[in-house]
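Q: quick one, structure for this:
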Amino acid sequence: MRIQQLLEHHHVIRNPFAEEDAQTDPVFKDFCIESTYHPAWDKVYGDPREPATAVVFGEKGSGKTAMRLQIVRRLAQHNRRTPEGRVFVIEYDDFNPFLDRFRERFLRHRGIDRVLAHWKLWDHIDAILSLGVTGLVDAILEVKHPGATVDVKVDPERVDALDRHQSRDLLLLAACYDQSTAETFKGRWHRLRRRLHFGTWRSHWDLAVGIGGTVVVAAIVVALLTNAQWGWLAHFWIYLSLLAVAWAPRLWRMVRRGILAVGIASHLRVGNRQSNPLRQVLMHFTSAEIDGQPLPNKDRSDDRYELLCKFQGILQALGYSGIAVLVDRVDEPYLVNGSPELMKALLWPMLDNKFLKHPGLGLKLMLPVELLRFVEREDREFYQRARLDKQNMITSFAWSGESLYDVANARMQACAEDGASPRLRDLLADSVSDQRLIEAMRSLRVPRHLFKFMYRLLVAHANAHREGEPAWQIAPETFEATLALYQRDQDAADRGLSAG
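A: Take a look at the predicted model:
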């Protein structure tokens, strides 16, 4: 018989257990995202009016990505209800582009473990600012296809109300961190400058002096030639000196901006910025506007904290009172390849209490459970620096048998016909007791294993009966045999002997 034949008999229009990944699961994203929460939801989500950090350790398939998607959905609802206290959401879950750029700074023949040994806290802050600034500039410029890592809406009137200092800060941040590839770097920066009504004529005074000096010297030479006076040729060096004096301020500022641009390009290790275009952009700021401003041109975190504060100040003016950074899929970058040691090298610099408790910033760290072993073996210095006891840490993102049973029923009802209320219990023979069913759920531990097992169970039942002689309930023998086989495969996966 067909699986769909069995499901339709119980008024279920599609298989509730066909998908395993929350990011591509339409049943979760369309229905269960609003109703099916992990018991630790409140501690992780917190209060969006006061963004706080939460650190979650969970095994694969436990629902960390699902919770991240739920946080995004709930914060979007909060932003619609509270336009004056919105939360700027940054999904920091794709590390591949940042790791690729970082690795290019080092010799390619070096192992990734030695490369990641150089990864620091300021690299994380640079990556987060790159995502945030790029998303904000996309919103201000109203690009047609903005990036998916930041969902932000900006009121044009608030953009128009930014003062010159705030516009200067945003343009400096865009010069350093805007990573959009939809248009040229200089073209996009100038489009942002025009949108902010940021005039740059003051920065070209030295250019005017140079051109003016050149015109004066040329006029003198032309006048002498007109009068057939060739004696000036004997003192040609005087006119060259006048030209050098006229252009000296411009050349000096170009050199200073060039040094600054090279420093930014070389120390922004997760970015993709070329020094010459950056120098040309920095030339549009006067010395008074740029001297003393924090810039990512040194290997230290102090400047990054100041830049983060400037970014928060701009967001505050645009109606965003806080920032939520959602960190997920640490084990998925191809350079990390699921290695716990490499995940530790990548993530450990972020575990700094000063950063995790930065005012107005809430980090939600969805971490693989393998990293918990490293935490437990750390020394006192690490605990004093990270202060994980203050970070809403959840060491076991576990599900009880009862909660998994509720998840299964919620998915059944999400896939039901209008007016129907099917339950998981309806699929099984009465001889499979509720207690036995909950015990089986408890052994599966996480939603992904539940979905895989249920899919196998439906396939095993369908293969055991002909379409002309269907059976509408799964026999206990089929249930127990399929569960035993799945537990054996699950144990092999836990020991790293199969894909799981």
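Q: identify the bridge partners of residue 12.
A: Using DSSP bridges, the beta-bridge partners of residue 12 come out as residue 416.
Q: that one contacts residue 411, correct?
A: No: using C-beta atoms under 8 Å, residue 12 is not in contact with residue 411; the gap is 9.5 Å. Placement of C-beta: from N, CA and C, glycine included.
Q: what's the neighbour count on residue 472?
A: Neighbour count for residue 472, taken as other C-beta atoms under 10 Å: 14.
Q: surely it touches residue 8?
A: No: assessed by C-beta under 8 Å, residue 472 is found out of contact with residue 8, at 10.5 Å.
Q: re the thing from before, give me the more crowded residue out of residue 12 and residue 411.
A: Using other C-beta under 10 Å, the more surrounded residue of residue 12 and residue 411 is residue 411, with 26 against 22.
Q: may I ask which helix or strand encompasses the more buried one?
A: Here residue 411 sits within helix 401-414, counting by DSSP states H and E.
Q: ranges for the strands of the stretch 351-500 of the chain?
A: If DSSP state E, counting those that start in this stretch is used as the criterion, the strands of the stretch 351-500 of the chain fall at 361-368, 393-394.
Q: need those strands in CSV with distance to residue 160 and mean neighbour count, can you?
A: As requested, the strands of the stretch 351-500 of the chain are exported to CSV (distance: least, C-beta to C-beta, whole Å; neighbours: other C-beta atoms under 10 Å):
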stretch, distance to residue 160, mean neighbour count
strand 361-368, 27, 24
strand 393-394, 43, 18
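Q: between these, which gets the lowest average pLDDT?
A: Between the strands of the stretch 351-500 of the chain, the one with the least mean pLDDT is strand 393-394; it has a mean of 91.
Q: scan this protein for its longest helix.
A: Looking across the chain with DSSP state H, the single longest helix is helix 236-267.
Q: give the buried residues for that one.
A: Along helix 236-267, the positions that meet the burial threshold by neighbour count (16 or more other C-beta atoms under 10 Å) are 239, 246-247, 250, 253-254, 256-258, 260-261, 263-265, 267.
Q: and after that helix, which helix or strand comes next?
A: Note on helix 236-267: by DSSP H and E, the next helix or strand toward the C-terminus is helix 275-282.
Q: now do that following helix against helix 236-267, angle only.
A: Using axes from the mean of the first three to the mean of the last three C-alpha atoms, to 10 degrees, the inter-axis angle of helix 275-282 relative to helix 236-267 is 110 degrees.
Q: show residues contacting the helix or strand following helix 275-282.
A: Past helix 275-282, further along toward the C-terminus, the next helix or strand under DSSP H and E is helix 287-290. Outside of helix 287-290, the residues that reach it under the criterion C-beta atoms under 8 Å, 6 or more residues apart in numbering are 168, 172, 203, 253, 260, 282.
Q: got the contact list for residue 413?
A: Listed by C-beta under 8 Å, 6+ apart, the contact set of residue 413 reads 421, 422, 423.
Q: ok, now residue 113?
A: Residue 113 makes contacts with 341, 342, 345, as judged by C-beta under 8 Å, 6+ apart.
Q: give me the helix or strand of the protein that scores worst on average pLDDT.
A: Comparing every helix and strand of the chain by mean pLDDT, DSSP states H and E singles out helix 205-226 as the least confident one, with a mean of 82.
Q: flag every buried residue along it.
A: Of the residues in helix 205-226, those buried by neighbour count under the rule 16+ other C-beta under 10 Å are 206, 209, 210, 213, 217.
Q: what's that helix packed up against?
A: With contacts defined as 3 or more C-beta pairs under 8 Å, 6 or more residues apart in numbering; DSSP states H and E, the secondary structure elements packing on helix 205-226 are helix 236-267.
Q: between the helix it packs on and helix 205-226, how many degrees?
A: On the basis of the same axes, to 10 degrees, helix 236-267 is oriented at 160 degrees to helix 205-226.
Q: tell me which residue is most central in the chain.
A: By C-alpha atoms, centre = their mean, the mean C-alpha position of the chain lies nearest to residue 92, the distance being 1.9 Å.
Q: I figured it hits residue 323, correct?
A: No: Residue 92 lies out of contact with residue 323 (C-beta under 8 Å); the separation is 11.0 Å.
Q: hey, what's in contact with both of these two?
A: Where contact means C-beta under 8 Å, 6+ apart, no residue is in contact with each of residue 92 and residue 323.
Q: returning to that earlier point: from the contacts of helix 287-290, pick the one nearest residue 464.
A: Closest approach between those and residue 464, by C-beta to C-beta: residue 172, at 67.6 Å.
Q: can I take it that the closest one is in a helix?
A: Yes: the assignment for residue 172 by DSSP: H, G, I helix; E, B strand; the rest coil puts it in a helix.
Q: distance of it from residue 120?
A: Residue 172 sits 22 Å away from residue 120, going by C-beta to C-beta, to the nearest Å.
Q: secondary structure class for residue 342?
A: Residue 342 carries the three-state label helix when classified by three-state DSSP.
Q: leaving out chain neighbours, which residue sits closest to it?
A: Using C-beta to C-beta, 6 or more residues apart in numbering and skipping the chain neighbours, the partner closest in space to residue 342 is residue 336 (4.5 Å).
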